[in-house]
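K.L.:
Fold the following.
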Amino acid sequence: MGSNDVIRACTSNLSQQLTQLTMSQSLCTIYRVHNHLRNVNMKAYEPEVVSIGPYHRGKDNLTMMEDKKMCYLRLLLQHKNENIENYVAAIEPLELEARKCYAEPISLNAVEFIEMLVLDGCFIIDLVRKCNMIYLREKNDSIFHMDWIINSLQRDLMLFENQVPFFILCKLFDLIEVPNQHSRLIYLLLNFFNSLFPGKVYRDTKDRSPAEVKHLLDLIHSNWHPSFDWLDFEKNKKNEKKRWRFVNNATELRETNVKFKRIEGVSLFDIRFQDGSMLLAPLTIEDRTESLFRNLMAYEQYFGDNQISYVTDYVKFLDCLIDSSRDVSILSWHGIIDNWLGDDEVVANMFNKLTDSIAGPGIRFVYADVFENVNKHCNRRRNKWMAKLRRNYMNSPWAVISILFAVVLLLLTVAQTVCSILQVV
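P.N.:
I've put the predicted structure just below:
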């Protein structure tokens, strides 16, 4: 083979591989969390009771729910008086498209892969239907007799790695309920996840096309965001050229006359700073909160596409406010943090580690203006003087008592001096 032949052959092979790589990467929507992120807290990305999709399939601790999936499918077919062949026939043409959604090669053969999609998809759909329509539940269904199972299922079904493509759910929903009523499927899913959110949910009034939804975590992310009347996109673009500094923790901000106030009726992400007061919506912290934040931030790491990473930005904001249990206590006292974990130190450690191995905040940081206004407030001479006074002379009850005693003593001395002058006069 001559030199030119070698060049042409290599060029042809590399071009073909590059084309295939570009096509496969553009279709990927379901990834594994990279090791740097996973190693910070592996459990946050691992399912507790149910495996969905291929990544966690076959794990010993998840076998109980595999039997439950099969029971749900059997009862579904009985109630619908249908044959399983209809479901398999509907999913089989979508097998190759579904495989391309996974970033890693799937070792399952066609039969195993389709079986998994049908079983997992039917389980999800029937579960959310039964959550919404009590009359569909079996009397002895253990899932609805123990709250911890529902809580774990809500957590597991939103995990970054624990997903099936959304178009598989839509196709199965067409068979289980009415065809092309995918907005109802979205309603049932969001209703199922409602108690998982640790703060108020703001949803856009415009319905998102089901064809745009990648999977359940993507659906959750797109329905939990700042209110658009608060988020100024034009101002946010200007922030790309602006340099900003992080703010101090809650203890230090309070020393510089920053007040913390709880606001109701707004999205969790709608943080404001007005007239020396930081306005924050209440945040409930429970066992599943860390896992939810971590998986949503992982999603933003993979699907940023120069969009605003508001979950990552929010967590970074709280990481700035919280350095120790004392900061958590301040926010709790003002009703901003509702700590169901009980220990303020645990909450502080959680937020201090949440952004480890996370890229960001980026140039389109949502809270850049808030940070700038807070820092301007703190750098005013009067507020810096107050901070120094509180830090050096009022940092303990005994210091406060000493200052009060000194003030009283000074007043008594002045009074005595005035009395002496009046007697002489």
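K.L.:
quick one: what helix or strand has G265 in it?
P.N.:
Here G265, judged by DSSP states H and E, is contained in no helix and no strand.
K.L.:
show me where the stretch 151-300 of the chain has helices.
P.N.:
166-176, 182-193, 216-222, 233-238, 250-255, 289-302 (DSSP state H, counting those that start in this stretch).
K.L.:
Tabulate these (TSV), appending mean neighbour count and mean pLDDT.
P.N.:
C-betas here are computed from N, CA, C, even on glycine. Below are the helices of the stretch 151-300 of the chain laid out as TSV (neighbours: other Cβ atoms under 10 Å; pLDDT from 0 to 100):
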stretch	mean neighbour count	mean pLDDT
helix 166-176	22	97
helix 182-193	19	94
helix 216-222	20	94
helix 233-238	11	56
helix 250-255	20	91
helix 289-302	22	95
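K.L.:
Would you format the ones you listed as JSON lines with distance to V315 included?
P.N.:
Converted to JSON lines, those look like this (distance: least, Cβ to Cβ, whole Å):
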{"stretch": "helix 166-176", "distance to V315": "25"}
{"stretch": "helix 182-193", "distance to V315": "19"}
{"stretch": "helix 216-222", "distance to V315": "14"}
{"stretch": "helix 233-238", "distance to V315": "18"}
{"stretch": "helix 250-255", "distance to V315": "15"}
{"stretch": "helix 289-302", "distance to V315": "6"}
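K.L.:
Nearest to K261, out of those helices?
P.N.:
helix 250-255 (12.2 Å; Cβ to Cβ).
K.L.:
Alpha carbons of that closest one, as CSV, please.
P.N.:
Output of helix 250-255 as CSV, limited to C-alpha atoms (Å, rounded to 0.1, in the frame of the first residue of the first chain):
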residue,chain,number,x,y,z
ALA,A,250,-24.5,34.8,58.3
THR,A,251,-22.7,35.6,61.6
GLU,A,252,-20.5,38.2,60.1
LEU,A,253,-23.3,39.7,58.0
ARG,A,254,-25.4,40.1,61.1
GLU,A,255,-22.5,42.0,62.7
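K.L.:
returning to that earlier point: who wins for proximity to D156 among the helices of the stretch 151-300 of the chain?
P.N.:
Per Cβ to Cβ, nearest to D156 of the helices of the stretch 151-300 of the chain: helix 289-302, 9.3 Å.
K.L.:
Let's see the closest one as PDB, backbone CA atoms only.
P.N.:
Extracted in PDB, the C-alpha atoms of helix 289-302 (Å, rounded to 0.1, in the frame of the first residue of the first chain):
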ATOM      1  CA  THR A 289     -32.300  17.100  50.600                       C
ATOM      2  CA  GLU A 290     -28.600  16.500  50.000                       C
ATOM      3  CA  SER A 291     -29.300  13.800  47.500                       C
ATOM      4  CA  LEU A 292     -31.800  16.000  45.600                       C
ATOM      5  CA  PHE A 293     -29.400  19.000  45.500                       C
ATOM      6  CA  ARG A 294     -26.400  16.800  44.400                       C
ATOM      7  CA  ASN A 295     -28.300  15.100  41.600                       C
ATOM      8  CA  LEU A 296     -29.700  18.400  40.300                       C
ATOM      9  CA  MET A 297     -26.200  20.000  40.400                       C
ATOM     10  CA  ALA A 298     -24.800  16.900  38.600                       C
ATOM     11  CA  TYR A 299     -27.500  17.400  35.900                       C
ATOM     12  CA  GLU A 300     -26.500  21.100  35.500                       C
ATOM     13  CA  GLN A 301     -22.800  20.000  35.100                       C
ATOM     14  CA  TYR A 302     -23.700  17.800  32.200                       C
END
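K.L.:
And the contacts of it?
P.N.:
Residues outside helix 289-302 that contact it (Cβ atoms under 8 Å, 6 or more residues apart in numbering) are 31, 33, 37, 41, 43-45, 155, 158-160, 196-198, 217-218, 220-221, 309, 311-312, 315, 350, 354-355, 358-360.
K.L.:
any idea of the pLDDT on H56?
P.N.:
We have a pLDDT of 96 for H56.
K.L.:
now do I421
P.N.:
So I421 comes in at 77 (pLDDT).
K.L.:
For L411, see how far away it is.
P.N.:
16 Å (Cβ to Cβ, to the nearest Å).
K.L.:
tell me, what residue is most central in this structure?
P.N.:
F293 (3.3 Å; Cα atoms, centre = their mean).
K.L.:
any idea how far Y72 is from it?
P.N.:
Distance of F293 to Y72, given as Cβ to Cβ: 30 Å.
K.L.:
How about F351?
P.N.:
38 Å.
K.L.:
tell me the contacts of the spatially closest residue to F351 that is not a sequence neighbour?
P.N.:
Nearest residue to F351, sequence neighbours excluded (Cβ to Cβ, 6 or more residues apart in numbering): I322, at 4.6 Å. With contact set as Cβ under 8 Å, 6+ apart, I322 has these partners: 249-250, 328, 331, 347-348, 351-352.
K.L.:
give me that answer again for 10 Å
P.N.:
249-251, 328, 330-331, 337, 344, 347-352, 354 (Cβ atoms under 10 Å, 6 or more residues apart in numbering).
K.L.:
In PyMOL, how would I select the buried members of those?
P.N.:
A single PyMOL command selects the buried members of the contacts of I322 (16 or more other Cβ atoms under 10 Å):
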select buried, resi 249+250+251+328+330+331+337+344+347+348+350+351+354
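K.L.:
Return the closest of the contacts of I322 with respect to V213.
P.N.:
L354 (25.9 Å).
K.L.:
That closest one: what's it in contact with?
P.N.:
Applying Cβ under 10 Å, 6+ apart, we find L354 in contact with 40-41, 44, 289-290, 293-294, 297, 312, 315-316, 318-319, 322.
K.L.:
Look up the pLDDT of I403 for me, please.
P.N.:
Taking I403 on its own, its pLDDT is 54.
K.L.:
going forward, begin numbering at 293 instead of 1
P.N.:
OK, 293 is where the count begins now, so the last one is I695.
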